[in-house]
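sequence plus the predicted model coming up.
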Amino acid sequence: MPIFEFQCEECGEVFEELILGDDKDKVICKKCKSSKVKKLISQVAFKSGNKFTSSVGSACSTCKGGTCSSCH
């Protein structure tokens, strides 16, 4: 499911919204109901079994591949 993060240009509220098709033009702020919102760039993660893998490939200090159970 494509969930995007937005920030309201009126009140500064940051919120997530599930977007299907061309609905991104219909997004309004959850707090002040303004339609002046901008889509933020968010990190993408994928779930495989019980582990999350980042699309960035970052790793914690205890692993090198970014897929160990202590950091994901």
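Alright, I've got the coordinates.

okay, CA-based contacts and neighbour counts for the rest of this
Will do.

quick one: neighbours of the closest residue to residue 18 other than its chain neighbours, just the number.
Leaving aside its chain neighbours, residue 18 sits nearest to residue 3 (4.4 Å; criterion: CA to CA, 6 or more residues apart in numbering). Close neighbours of residue 3, defined as other CA atoms under 10 Å, add up to 12.

for residue 3, give its distance to residue 31.
Noted for residue 3: a distance of 18 Å to residue 31, by CA to CA, to the nearest Å.

was I right about the residue nearest to residue 18 contacting residue 21?
No. Counting by CA atoms under 8 Å, residue 3 does not reach residue 21; the two are 11.8 Å apart.

any regions of this structure where pLDDT drops low?
1, 24, 44-47, 52-72 (pLDDT under 70).

what's the burial count for residue 14?
Using other CA under 10 Å, residue 14 is surrounded by 17 other residues.

cool, the one 5 residues further on as well?
As a burial measure, the neighbour count of residue 19 was computed by other CA under 10 Å and equals 15.

any idea how far it lies from residue 27?
According to CA to CA, residue 19 stands 9 Å off from residue 27.

residues touching residue 37, list them.
Shown in contact with residue 37 (CA atoms under 8 Å, 6 or more residues apart in numbering): 6, 7, 8, 9, 10, 27, 28, 29.

tabulate those residues (CSV), appending distance to residue 36 and secondary structure.
Output for the contacts of residue 37, formatted as CSV (distance: CA to CA, whole Å; DSSP: H, G, I helix; E, B strand; the rest coil):
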residue, distance to residue 36, secondary structure
6, 10, strand
7, 9, strand
8, 6, strand
9, 6, coil
10, 7, coil
27, 9, coil
28, 7, coil
29, 8, coil
